[in-house]
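Undergrad: I would like to see how this sequence folds:
(one chain, ligands or ions: 2)
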Amino acid sequence: MTSANDNGRWQALLDDPPLWRFQGVLGDRGSQQLLARLDTELPWQRPSLRLYGRDHSIPRRQVWMGDPHTRYRYSGQEFQPIPWHPSVEGLRLHIEALLEEKGSPVRFNSVLLNRYADGNERMGWHSDDEPELGPDPLIAAVSLGVERPLRMRWRDRHAPAFNVWLPHDSLLVMGPGTQQRLQHALLPRRLPGLRISLTFRWITPL
Ligand SMILES: O=C(O)CCC(=O)C(=O)O
Ligand SMILES: [Fe+2]
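TA: Numbers count the residues shown, from 1 in each chain. Ligands and ions are numbered 1, 2, ... in the order given. The predicted structure follows:
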């Protein structure tokens, strides 16, 4: 599915740390089909997380998927992955091929899927820097549905925060160093409509 042509669809948003965006991952038909399939076929959950001693339901829904040993811990909870949905496994292989062709070979063994019913649903400021992701993770995030901005800010505040717009059927690659130096958030916006993101990771069993 990849071709020499793909090089023209990569856009460098930052050089250091490397932040890249790719448009047209699956094409119109494939991306619409995947969005509908994920929306209807996955067991979306809204777990409670403990924050400053109180339980809060997350302001979105999520599914943790991956190889059986890829347990994932955050905010005092441990998530067991559900097995790969065939469409998501196909997307994983496609993205690994795109990255290999770009000269950044990488493998993923897990994915966090996030479902935002509308602009009120969101994800707060964080870095994906859990120990099981290793010291220098590369995270590949596919966006489907309504285009929303991922807000990014420098941890040391040496430069202003900025938006990375994530159109339907795009891929954002957060390369090595991104999690150490930047935080990101999907802030609430007055935008109607469904968005689903898939953030592919490599989890090292601890
Ligand atoms: O929905 C997004 O694009 C952001 C998701 C994210 O930051 C994450 O899954 O860690
Ligand atoms: Fe994240």
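Undergrad: give the residue farthest from the middle of the chain.
TA: Gly53 (27.3 Å; C-alpha atoms, centre = their mean).
Undergrad: so what's that one up against?
TA: Contact criterion C-beta atoms under 8 Å, 6 or more residues apart in numbering gives no residues in contact with Gly53. From N, CA and C alone the C-beta is placed, and that goes for glycine too.
Undergrad: need the longest helix for the chain.
TA: Using DSSP state H, we find that the single longest helix of the chain is helix 86-102.
Undergrad: what residues does that one touch?
TA: Defining contact as C-beta under 8 Å, 6+ apart, one finds that helix 86-102 is touched by 1-2, 6-7, 10, 20, 22, 25-26, 34, 37-38, 65, 84, 105-108, 111, 113, 140, 142, 171, 173, 198, 200.
Undergrad: count of residues packed around Val164?
TA: Using other C-beta atoms under 10 Å, Val164 is surrounded by 18 other residues.
Undergrad: do stretch 65-73 and ligand 1 meet?
TA: No - against ligand 1, stretch 65-73 shows no contacts by C-beta under 6 Å from any ligand atom, the least distance being 10.7 Å.
Undergrad: ok, now how distant is the closest residue to Pro167 other than its chain neighbours from ligand 1?
TA: Once flanking residues are discounted, Pro167 sits nearest to Glu147: 4.6 Å by C-beta to C-beta, 6 or more residues apart in numbering. Distance from Glu147 to ligand 1, counting by C-beta to the nearest ligand atom, to the nearest Å: 11 Å.
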